[in-house]
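Asker: my questions concern the predicted model and sequence given below.
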Amino acid sequence: TACGTDRYHNNQEQENQSETSHRKSPLLSGPWRPYRRPRAVVKEWLLRIRCCLGAVCGMEWYGYAAQGILMAFLSFLMDITVTKLLRAHRWLYVKMEGNSLLQFFCWTLYPSCLCAVASSFSHNICPFSTGSGIPEVRTMLAGIEMPHYLSLTHMFAKFLGLICTLAAGSTVFLGKVGPFVHLSTMVGAYLSNLCVLIQDNKKEKVAGEMLVVAAAVGVASCFGAPISGVLFSVEVTCSHYALKHYFPCFFAAACGALTFRLFSVWSGDEETLQVLFKTNFPASLPFYSSEILLFGFLGLLCGAVSCCYLFCYQRILQFTKTNPVFIKMLTTEKGLYSGMVVFLIALVTFPHFAGQYLASKYTTKQLLTALLESRQWTSQSHNASVQLESMPFFEWGSSGIPVCLSLAFFLLIKMCILVLACTLPVPAGYFMPVFVCGAALGRLFGEGVAAVVYTGITSDQDWTPINPAGYALAGAAALSGAVTHTLSPALLAIELTGQFSHTLPVLLATLLANALARSGHRPSFYDILSISKKLPHLPSLKKACKRIPSTPVGGLLGGKPVQLQKAAGPTEVQEAVNTSSETQVPVVDSHETQILLGFVFRSELLMFLRHSKTEVKGWMESDVWLRSSERDVGVLGILSLVGDQTLFVTEKGRLVGVITWLEMKKILEDLAKEI
């Protein structure tokens, strides 16, 4: 009876298991987990959604849209947080009015503590999160893998540290463009992994493309300027730009710019979509044709100023890297160093001290808005009937000195502050401060021209005064473009203000400033940072080490690779496969002539060995993919042409060696360490 009962229970369990297996979905297979049925339903619906979305377009396109929307949200969130912190500082300063000592401590200690916290937090959480991030992004886009610069910890530390830096206000005079481009590449790296994970075709790689797109989205989501964002991504890639990245960059940048502007509308800050900086340039006659020469001279002036600024910055950076005191502080006491430097800067910009000549109470946005005011300050300041409080130049004109002298003092002190602030170990951007300094330089130049031609330029009894704001716009684009060796600031200036009437003067000034800044093989601001950080970025190393462009490939080659001749038999093919572990084996006409015909993949050789009855000569002649070159190629040409492939180097058609991208990366890393 016991045996019968056991048999009955076993049969019953088998029937239950078989019945359950028929009803069970494949999604429920595997080890036991809680809530299996709801998890299976959710997963099934996700698979259906993926199929529906995949039927419209590839999953990577949803990743591009998500990239733009996420970065726009982060940019808007950061702006709101920084605005509230700045208002709190302003409110506290105003509440202490009447007590200069308390106002002094409020003005100096608030930004000092914020920057000290940003520096200490970034150093303890992720030491790589300080600085701009653009040099690292350029290095990664050039093909060098730097996974520690794309981690979640790095993103978290950089985001919070950047908020603290920006909350210090115009006292520290730093921006967010560079770090935000870096943050965008971090988000792009994770979105690319997600796209590869959920799409059906696992072989399709979108990581490199997503990083290029992320560079464009970073600028677009900061200013709502998609076109200049795409141009920036083209310039950042430096050596080459794949046309397949063109449309994804525009799509993601447009999504980011549109979302960023919509957030401003939804929050009530603006009534509709419009430019970030409102201007009121005269529409009938924006500028006279004879002023083109003045815009060109302004471009050359901005180029000269950029050379002086980069020279000073390079010298102070070298001093902080070689001085033992600064080395110790920047290694172990970063928070103390940041607090001391910011306290010194705040001391200079205190409104009851030199700050009354620097418009120190204005934020960066207010400074740029005031500098782009189309009315002449020199003529308005002489009009006693005009109330200065209603004018944008009130902060400059209220000190009692001439406006031009106040602008010159503002430009000189702000450039010195920027050089000193660039040494702070905090997450910060350096583009927007240079942009504002360029606007101040252009405004000073325009006010000088307006003062000389005070009565205006007459034409048929009608005259229109000189518009200094046009020179401020051109100066902003020219100086920032010269410092970074890029042309995208010209388009960015037009997109930020909507003043397309000044496109030609702005572009002319930017081109001339770039020409002067690039002359003499001078490095850009980002090149100086790359050299200082010893990053293996070839364009930067080329400017630091003059012998790199003239280095022949022959000096970099090792021994000759394993090769096959055109009429090789199965024995020689088997020996080559056993000897070489390379994925590509070069094919020569014969071992005597060494004339390179192309290469054959190792997988094809293994397939040939399985069908060794086939004639080798005929099979290899029809399947070899020719990639030979009959001239020597320099090191720079190798990197721009090879990518992640293998390059076979020839001399008059004869194979002399092979060089791979991995070997070139090792060479670049060694060169970076030597500089």
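Answerer: Thanks, I have the structure now.
Asker: show me the strands in the chain, by range?
Answerer: Assigned by DSSP state E, the chain shows strands spanning 457-459, 462-464, 564-565, 584-588, 596-601, 646-651, 654-660.
Asker: between strand 596-601 and the fourth one, find me the angle.
Answerer: This means strand 584-588. 150 degrees (axes from the mean of the first three to the mean of the last three C-alpha atoms, to 10 degrees).
Asker: contacts for strand 584-588 next, please.
Answerer: 561-566, 576, 594-602, 605, 620, 624, 646, 648, 655, 658 (C-beta atoms under 8 Å, 6 or more residues apart in numbering). For glycine as for every other residue, the C-beta is placed from the backbone atoms N, C-alpha and C.
Asker: among the residues you listed, the buried ones, what's the PyMOL command?
Answerer: To isolate the buried members of the contacts of strand 584-588 in PyMOL, using 16 or more other C-beta atoms under 10 Å:
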select buried, resi 561+562+563+564+565+566+576+594+595+596+597+598+599+600+602+605+620+624+646+648+655+658
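Asker: residue contacts, Ala216?
Answerer: Pro226, Gly229, Val230, Phe232, Ser233, Cys249, Phe250, Ala252, Ala253.
Asker: out of these, which is nearest to Ser122?
Answerer: Closest approach to Ser122 among the contacts of Ala216 (C-beta to C-beta): Phe232, at 24.6 Å.
Asker: thought that closest one was touching Leu487?
Answerer: No. Counting by C-beta atoms under 8 Å, Phe232 sits too far from Leu487 to count as a contact (9.5 Å).
Asker: lowest average confidence, helix or strand, in the chain?
Answerer: helix 616-623 (a mean of 41; mean pLDDT, DSSP states H and E).
Asker: so how far is Thr423 from Ile316?
Answerer: 6 Å (C-beta to C-beta, to the nearest Å).
Asker: also Leu109?
Answerer: Taken as C-beta to C-beta, the span from Leu109 to Thr423 is 21 Å.
Asker: count the neighbours of the closest residue to Ser360 other than its chain neighbours for me.
Answerer: Excluding the flanking residues, the one nearest Ser360 by C-beta to C-beta, 6 or more residues apart in numbering is Thr349, at 4.3 Å. Thr349 has 27 neighbours, counted by other C-beta atoms under 10 Å.
Asker: ok, Val419 next?
Answerer: So Val419, with other C-beta under 10 Å, has 18 neighbours.
Asker: for the stretch 101-250 of the chain, which spans come out with low pLDDT?
Answerer: For the stretch 101-250 of the chain, applying pLDDT under 70 flags the ranges 199-208, 237-241.
Asker: where does the closest residue to Ala283 other than its chain neighbours land on pLDDT?
Answerer: Closest residue in space to Ala283, ignoring its immediate chain neighbours: Ser501 at 7.4 Å, by C-beta to C-beta, 6+ apart. With respect to pLDDT, Ser501 has a value of 85.
Asker: and the one 5 residues further on, by the same measure?
Answerer: Turning to Val506, the model gives it a pLDDT of 93.
Asker: that one reaches Ala490, doesn't it?
Answerer: Yes. At 5.1 Å, Val506 counts as touching Ala490 under the criterion of C-beta under 8 Å.
Asker: just give me the longest helix of the chain.
Answerer: helix 59-95 (DSSP state H).
Asker: cool, thanks, talk later.
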